[in-house]
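**Q** the amino acid sequence is not available; the structure is as follows:
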Ligand SMILES: *Cc1c(COP(=O)(O)O)cnc(C)c1O
């Protein structure tokens, strides 16, 4: 019954996050969560944070966290925006930089939240074609774009675009904002944060959810020219003065401070990814080259949804998307090496049972 719904609410097509079923225990390789726990320093700080001071509002500008992020990336605090997960930072970016009159551009295969934001904020979009190997071809970007956004590495392909190519986009489109969603950058790519010092139209968005094992804490941030950051603050302060609670802020600060644990976990995941990739290639999978914490894979002899279902029956969850082209693939989150060994064993058994 939608009697009381606004016209806008009636037209919404919300994003569908990966399933989090509770019927049994699963090896979760479906939402790109980190297999390692948050750093001990983070957990200690969070415990300290649970105290009498919770009766107070947090700092509405999260100044301390911004300072720690700025220091880590060797930029100024005025170039940092923080939000309740990078999904919120992305939503604010759509409101702050994209107009409903001029269609924005993103790849035909990409993070499926972008069209959802376009839908709620009534922004038009046009998708551009990927190359035959699923890489981004910057010459395919529509010349009259009202804005550009894509993840680097792209999701769900995992394919990384060189910084030199991003620089070409920035010089080619100086009049519009280019948002680079670096949710997976810490797994082997090079961040383009450095380019924000040269290009005023670049906004880089990152998250603590994937590489810092804090998906449950909801912290994301953006880095860009002060004028872009001011626009984001203006939008944010028109929505919610306190998107980051004090517990999340204290945890996030500790996550940046514990550099050794962070690089250790990222290295392990990269090693595990290379291991899984070799094993899957031995099983004749087509595996796209990934610089993320997931692999996008396809097998000639077994339908992706069928393999998804068989894995689920065996207690392993991976992600299957229903849109054309990508429905031929599965996206598999890279876990610990022992989890990847288990996954490969399970695939081998499924293949044997189906004479693949
Ligand atoms: C996971 C993901 C995000 C969202 O991360 P949160 O910070 O948890 O909201 C943003 N962009 C892409 C491409 C992602 O895969």
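**A** Arrived safely, thanks for sending. Since this is a predicted model, take the numbers as computed values, not measurements.
**Q** what about the helices in the stretch 51-200 of the chain?
**A** Shown for the stretch 51-200 of the chain, the helices assigned by DSSP state H, counting those that start in this stretch span residues 63-73, 85-97, 113-121, 163-172.
**Q** just checking, what packs against the longest one?
**A** In terms of contacts (3 or more C-beta pairs under 8 Å, 6 or more residues apart in numbering; DSSP states H and E), helix 85-97 is packed against strand 80-83, helix 113-121, strand 178-181, strand 202-207, strand 220-224, helix 226-236. Using the backbone N, CA and C atoms, a C-beta is placed for each residue, glycine as well.
**Q** highest mean neighbour count out of those?
**A** Here the criterion is mean neighbour count by mean count of other C-beta atoms under 10 Å, and of the helices and strands packed on helix 85-97 the winner is strand 178-181, at a mean of 28.
**Q** picking that back up, the helices of the stretch 51-200 of the chain: which one's closest to the ligand?
**A** Comparison of the helices of the stretch 51-200 of the chain against the ligand by C-beta to the nearest ligand atom identifies helix 85-97 as nearest, at 3.1 Å.
**Q** tell me which residues are up against that closest one.
**A** Contacts of helix 85-97 from elsewhere in the structure, counted by C-beta atoms under 8 Å, 6 or more residues apart in numbering, are 81-83, 113-114, 117-118, 121, 123, 147, 149, 176-177, 179, 181, 183, 203, 205-207, 209, 218-222, 228, 231-232, 234-236, 239, 243.
**Q** burial count for residue 10?
**A** With neighbours defined by other C-beta atoms under 10 Å, the count for residue 10 comes to 8.
**Q** that's a strand at it, yeah?
**A** No. With DSSP: H, G, I helix; E, B strand; the rest coil as the criterion, residue 10 is located in helix rather than a strand.
**Q** what about the residue nearest to it when sequence neighbours are not counted, is that helix, strand or coil?
**A** By the measure of C-beta to C-beta, 6 or more residues apart in numbering, the closest residue to residue 10 outside its immediate chain neighbours is residue 2, 5.6 Å from it. Reducing the assignment at residue 2 to three states with three-state DSSP gives coil.
**Q** what is the neighbour count of residue 2?
**A** For residue 2, the count of nearby residues is 7 (other C-beta under 10 Å).
**Q** check what pLDDT it gets.
**A** The predicted local confidence for residue 2 comes out at a pLDDT of 91.
**Q** same deal with residue 356?
**A** Note for residue 356: predicted pLDDT of 89.
**Q** what pLDDT does the model give the residue nearest to it when sequence neighbours are not counted?
**A** In this structure, residue 356 finds its nearest non-sequential neighbour in residue 301, 4.7 Å apart by C-beta to C-beta, 6+ apart. According to the prediction, residue 301 has pLDDT 96.
**Q** mind checking how far residue 354 is from residue 298?
**A** According to C-beta to C-beta, to the nearest Å, residue 354 and residue 298 sit 16 Å apart.
**Q** neighbour-wise, which of those two wins?
**A** Counting neighbours by other C-beta under 10 Å for residue 354 and for residue 298 shows that residue 298 has the greater number, 16 against 12.
**Q** pLDDT averaged over the one helix or strand that one maps to - what is it?
**A** Here residue 298, judged by DSSP states H and E, is contained in strand 294-298. In this model, strand 294-298 has an average pLDDT of 98.
**Q** what residues does this protein put near the ligand?
**A** For the chain, the residues in contact with the ligand (C-beta under 6 Å from any ligand atom) are 32, 85-87, 111, 151, 155, 181, 183, 207, 209-210, 215, 220.
**Q** how's the protein carved up into domains?
**A** The record assigns the chain these domain ranges, following automatic domain parsing: 7-37+260-353, 40-258.
**Q** and the first one, end to end?
**A** So that's domain 7-37+260-353. Across its full length, domain 7-37+260-353 reaches 51 Å end to end, with C-alpha to C-alpha, to the nearest Å as the criterion.
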